[in-house]
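In: structure, please.
(chains A, B, C and D)
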There are 2 protein chains.
Amino acid sequence: MAERSQRIPEATVARLPVYLRALVEESEAKASTISSERLAELAGVNAAKVRKDLSYLGSYGTRGVGYDVEYLMFQMSRELGLTHDWPVVVVGAGNLGQALANYGGFRDRGFPIAALVDADADKVGDLVHGVEVRGLDELPTLISDLGHVIGVIATPAHAAQEVADRLAEAGVTSILNFAPAVISVPEGVSLRKVDLAVELQILSFYQQRREGGPAPAEGVAPAGPHAPAVS
Amino acid sequence: MAERSQRIPEATVARLPVYLRALVEESEAKASTISSERLAELAGVNAAKVRKDLSYLGSYGTRGVGYDVEYLMFQMSRELGLTHDWPVVVVGAGNLGQALANYGGFRDRGFPIAALVDADADKVGDLVHGVEVRGLDELPTLISDLGHVIGVIATPAHAAQEVADRLAEAGVTSILNFAPAVISVPEGVSLRKVDLAVELQILSFYQQRREGGPAPAEGVAPAGPHAPAVS
DNA sequence: GTCCGCTTGTGAACACATGCACGTGAACGG
DNA sequence: CCGTTCACGTGCATGTGTTCACAAGCGGAC
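Out: Numbers count the residues shown, from 1 in each chain, chains lettered A, B, ... in the order given. Just a heads-up that it's a prediction; the model follows:
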């Protein structure tokens, strides 16, 4: 097993970081081995899923015993590409962009904020948590200096697609989009999105269901004063 | 059809807000009808999926023509429970909590920040974007005053589970968790999570794959420069 | 050396989601 | 009034993900 190039299902990939975090906790608690059941509890999933997920990485467990915490952590970090830091370039120095730069959690987890970029000339030169804001046209230089980076889009929606284009053009192949807009990227570029308003709306859907289904208003003309503008 | 209580698949629910946003854009562009193909383009999915998703809401389209933009927006808002505002209570007035309070995008979309809560007595009383920071023990009062709210956890990981417990106890049934921790909630409470570090780690996985698979280090310690890019 | 209990690893069944392909019904032109 | 065109709605096949259940294998006891 441990077929190096075997494809790992997307759903599994998304859970690996959660397992890793649980392993770190368990490691700090001085545990040397961990069972799939315990790991499942910490990760909030069921044990069978843990075993299947881990089996994609290889047969790193010992029957009757469990998994060696340190060894599994190491293998998982390696698989996730976390054996070295990935510099992060944040585009958009507004509220969110600044909050991201201020948040120390990224550096601690191997994702140092290497640059903060904004289109607004007034912001260029400002210092945010020790990082100087750069102009948007410096992007290509920055990125070729830094090597492989992860690009984060924290701009208003209307600017998101252009920023994505520029990032891709500059050679960035991993992009995390916080802007509330659907953007497209060339083949070979990974894109993930985090849309806070969408998350709230999904919660709204389920809450409203629990309360007895959609409002009864049925039939009549679409015109009239209805829902608040939701964009 | 249009069976009110028919279950809508989770994957579909997660796309509805994206469709809604696209519809708002299209509406602002003065379009009165829209085809599944156009909507698919705007939402970044394929047309068959759009039609299947919309069919769960009811047969609101017209064959040969498309969907009436305004009417569909209305029905979708209703289904998502967006016909009225949902006040949001943010717990944790650190970096992220303050950024959320400052971000105007939520209010515009029907999710006004109604309260900001923190355990740190030094922060209580501060004003953040016009919202006064309250103490954690005021939570029950706040929530019973506000009615149905959405709770947002923006605390450090170690505090997340306790905050979730307190929110649930106070009657909150929709929680969005930003803390990098797995938390559990009672039956009947919806929980969604946004974990920025996890997103970055997922991107790291795919980027590292593109570069030629995990570092070869099989036996022991990591370290050392990794494989060159293989594009 | 053998047995026993424990936990992994995985085949198979099931559930869920996606995408195709085509039937269906509405609008419109002649 | 009929035929053509268009785009929706949906049955079906395919693919992806989850869960169950159990054989296989390891470690420890004796």
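
In: hey, let's count contacts and neighbours off CA atoms from now on
Out: Noted.

In: mind jotting down where the strands sit in chain A?
Out: When secondary structure is read from DSSP state E, chain A shows strands at A:33-34, A:61-62, A:66-68, A:88-91, A:113-118, A:127-128, A:131-135, A:150-153, A:174-177, A:190-193.

In: residue contacts, the closest residue to residue A:163 other than its chain neighbours?
Out: Distances taken as CA to CA, 6 or more residues apart in numbering or on different chains put residue A:153 closest to residue A:163, at 7.2 Å, once the chain neighbours are dropped. Residues in contact with residue A:153 (CA atoms under 8 Å, 6 or more residues apart in numbering or on different chains) are A:90, A:91, A:92, A:160, A:163, A:164, A:175, A:176, A:177, A:178, A:179.

In: may I ask which of those has the most neighbours?
Out: residue A:91 (28 neighbours; other CA atoms under 10 Å in any protein chain shown).

In: state the distance from that one to residue A:128.
Out: Remark: distance between residue A:91 and residue A:128 (CA to CA, to the nearest Å) = 13 Å.

In: could you do residue A:202 as well?
Out: 33 Å.

In: quick check: the farthest pair among the contacts of residue A:153?
Out: A:92 and A:175 (13.5 Å; CA to CA).

In: may I have the predicted confidence score for the residue nearest to residue A:163?
Out: Per-residue confidence at residue A:153 stands at 98 (pLDDT).

In: roughly how far apart are it and DNA strand D?
Out: According to CA to the nearest atom of the strand, to the nearest Å, residue A:153 and DNA strand D sit 25 Å apart.

In: that residue pairs with what?
Out: Per DSSP bridges, the residues bridged to residue A:153 are residue A:91, residue A:177.

In: mind checking how far it is from residue A:96?
Out: Residue A:153 sits 10 Å away from residue A:96, going by CA to CA.

In: give the other helices and strands that the longest helix along chain A contacts.
Out: As assigned by DSSP state H, the longest helix anywhere in chain A is helix A:10-28. Applying 3 or more CA pairs under 8 Å, 6 or more residues apart in numbering or on different chains; DSSP states H and E, one finds that helix A:10-28 makes contact with helix A:36-43, helix A:69-80, helix B:196-210.

In: what's the first one in contact with?
Out: The list of residues contacting helix A:36-43 from outside it, by CA under 8 Å, 6+ apart, reads A:18-19, A:22-23, A:46-51, A:66-67, B:182.

In: if you set the cut-off to 6 Å instead, what comes out?
Out: A:19, A:22, A:46, A:47 (CA atoms under 6 Å, 6 or more residues apart in numbering or on different chains).

In: could you do the longest one as well?
Out: By CA under 6 Å, 6+ apart, the surrounding residues in contact with helix B:196-210 are A:17, A:80, A:81, A:174.

In: how close does the closest residue to residue A:180 other than its chain neighbours get to DNA strand C?
Out: Spatially, and ignoring its direct neighbours in sequence, residue A:180 is nearest to residue A:157 (5.3 Å; CA to CA, 6+ apart). Going from residue A:157 to DNA strand C by CA to the nearest atom of the strand gives 23 Å.

In: do residue A:49 as well
Out: Between residue A:49 and DNA strand C the computed distance is 7 Å (CA to the nearest atom of the strand).

In: list the contacts of that residue.
Out: Residue A:49 touches nothing, counting by CA under 6 Å, 6+ apart.

In: what about it, distance to DNA strand D?
Out: Residue A:49 is 4 Å from DNA strand D, where distance means CA to the nearest atom of the strand.

In: next: residue A:89.
Out: Per CA to the nearest atom of the strand, residue A:89 is found 28 Å from DNA strand D.

In: residue A:57 now?
Out: Relative to DNA strand D, and taking CA to the nearest atom of the strand, residue A:57 is found at 15 Å.

In: what's the burial count for that residue?
Out: Counted with other CA under 10 Å, residues neighbouring residue A:57 total 20.

In: for the one 4 residues further on, same thing?
Out: Taking other CA under 10 Å as the neighbour definition, residue A:61 ends up with a count of 20.

In: per-residue pLDDT, the residue lying closest to it once chain neighbours are set aside?
Out: Counting by CA to CA, 6+ apart, residue A:67 is the residue found nearest to residue A:61 once chain neighbours are left out, at 4.4 Å. On pLDDT, residue A:67 comes in at 98.

In: over to residue A:197?
Out: So residue A:197 comes in at 96 (pLDDT).

In: check residue A:103 too.
Out: We have a pLDDT of 87 for residue A:103.

In: swap in residue A:3?
Out: pLDDT, residue A:3: 44.

In: quick check: residue A:147 vs residue A:43, distance?
Out: Look at residue A:147 and residue A:43: by CA to CA, they are 33 Å apart.

In: quick one, which of these two is more surrounded?
Out: residue A:43 (23 against 12).

In: re the thing from before, residue A:97 versus the residue nearest to residue A:163, what's the distance?
Out: Using CA to CA, residue A:153 is found at 8 Å from residue A:97.

In: so what's the residue count around the residue nearest to residue A:143 when sequence neighbours are not counted?
Out: Of all residues not flanking residue A:143 in the chain, residue A:170 sits nearest, at 6.7 Å (CA to CA, 6+ apart). Under the neighbour criterion other CA under 10 Å, residue A:170 is assigned a count of 15.

In: mind listing what residue A:181 touches?
Out: Contact analysis of residue A:181 by CA under 6 Å, 6+ apart lists residue A:157.

In: again, only this time at 8 Å
Out: Residue A:181 neighbours (CA under 8 Å, 6+ apart): A:157, A:158, A:160.

In: next one: residue A:136
Out: Per CA under 8 Å, 6+ apart, neighbours of residue A:136: A:91, A:117, A:118, A:119.

In: just the closest of these to DNA strand C, please.
Out: Distance to DNA strand C across the contacts of residue A:136 (CA to the nearest atom of the strand) is lowest for residue A:91, with 29.0 Å.

In: next one: that closest one from residue A:188, what distance?
Out: For residue A:91, the distance to residue A:188 - CA to CA - is 21 Å.

In: kindly report the residues of chain A close to DNA strand C.
Out: A:1, A:34-37, A:48, A:51-52, A:54-55, A:58-67 (CA under 7 Å from any atom of the strand).

In: narrow those residues to just the buried residues.
Out: Taking 16 or more other CA atoms under 10 Å in any protein chain shown as the criterion, what is buried in these is A:34, A:35, A:36, A:37, A:51, A:54, A:60, A:61, A:66, A:67.

In: lowest-confidence helix or strand of chain A?
Out: helix A:105-108 (a mean of 89; mean pLDDT, DSSP states H and E).

In: can you pull the buried residues of that helix?
Out: By 16+ other CA under 10 Å, the buried positions in helix A:105-108 come out as A:105, A:106, A:107.

In: how far away is the first one from residue B:95?
Out: Per CA to CA, residue A:105 is found 11 Å from residue B:95.
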